[in-house]
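Asker: Model the structure of this input:
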Amino acid sequence: MTVSPNRPARLVDFHCHLDLYKDHAALIAECDRERVATLAVTTTPKAWLRNRELAARSDHVRVALGLHPQLVGDRESELPLLEHYLRDARYVGEIGLDAGPRFYRSFPAQERVFVRILQACADQRGKVLTVHSVRAVGKVLGHVERELPPERSRVVLHWFTGTVAEARRAVALGCYFSVNGEMLRSPKHRQLVAGLPADRLLTETDGPFVEIGGRPVRPRDVAQTVAELAALRGETIEAMEGGILNNLRTLLNEARP
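Answerer: Numbers count the residues shown, from 1 in each chain. Predicted structure coming up:
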């Protein structure tokens, strides 16, 4: 996910499941046309190679190698495959922990997988991780603190819904936060986002799981989130766009091997 000198990115979608859209290939082309720097996350290691192949010629789409915590109960056996591919992957995700009622039975397995991935990223260095933390922010941050020093790889907390104290702890650990439009529907989460450090903010869609106007959100729709963030934080849209792009550049520079 470089910022092309010829067609620089205008927007950032740091967490989108491109392969879950019916028009996957067309959507990659749309990201390039609209100049949206997009991180296409995967939910299983088996999906990574095909996703990477489809995005190989894209200026603005990069693919992350993932093992989604909600799938770990059935897919823990794919962890060695993720470790095999990891050396060739700059971006890692979607990974993390989910302690929601539907997935709590697999929580011990989720922790085993998450710790192994963090350790591998620390060993190999230079990775950028997009991390799920539903009802498990404290556990996620504890594992990051123990296993992944910020000088070895960097964490972006996707759809963060923790407390103000947990947000401060995450900032101290060097984490970034990717914000989507659905987060800004909740007064509680709007207040949390309003207090996050400006230099740790990124934007995301988490499409197609978020909808806008009755349809799945697309990476270009992140422009609306930028506008809402600008209004929330008392900035111009142009300043917010520029700040988010600068944060992306900083993140990528910080996560160099």
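
Asker: can you give me the helices in the stretch 1-150 of the chain?
Answerer: 24-34, 48-54, 72-75, 79-85, 107-124, 137-147 (DSSP state H, counting those that start in this stretch).

Asker: elements contacting the last one?
Answerer: Using 3 or more CB pairs under 8 Å, 6 or more residues apart in numbering; DSSP states H and E as the contact criterion, the neighbours of helix 137-147 among helices and strands are strand 91-98, helix 107-124, strand 127-134, strand 153-158, helix 164-172. C-betas here are computed from N, CA, C, even on glycine.

Asker: Can you check which of the ones you listed gets nearest to Asp23?
Answerer: strand 91-98 (20.8 Å; CB to CB).

Asker: contacting residues around the closest one?
Answerer: 1, 15, 17, 39, 41-43, 62-70, 86, 107, 110-111, 113-114, 117, 121, 127-136, 139-140, 143, 153, 156, 158 (CB atoms under 8 Å, 6 or more residues apart in numbering).

Asker: Which of the helices of the stretch 1-150 of the chain sits closest to Thr225?
Answerer: Closest among the helices of the stretch 1-150 of the chain, using CB to CB: helix 24-34, at 14.2 Å.

Asker: Restrict that closest one to CA atoms and write it as CSV.
Answerer: Extracted C-alpha coordinates of helix 24-34, given in CSV (Å, rounded to 0.1, in the frame of the first residue of the first chain):
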residue,chain,number,x,y,z
HIS,A,24,-14.3,-8.5,-6.5
ALA,A,25,-12.1,-7.8,-9.6
ALA,A,26,-14.2,-4.8,-10.6
LEU,A,27,-14.0,-3.4,-7.1
ILE,A,28,-10.2,-3.5,-7.2
ALA,A,29,-10.3,-1.5,-10.4
GLU,A,30,-12.7,0.9,-8.8
CYS,A,31,-10.3,1.4,-5.9
ASP,A,32,-7.5,2.3,-8.4
ARG,A,33,-9.8,4.6,-10.3
GLU,A,34,-11.1,6.4,-7.2
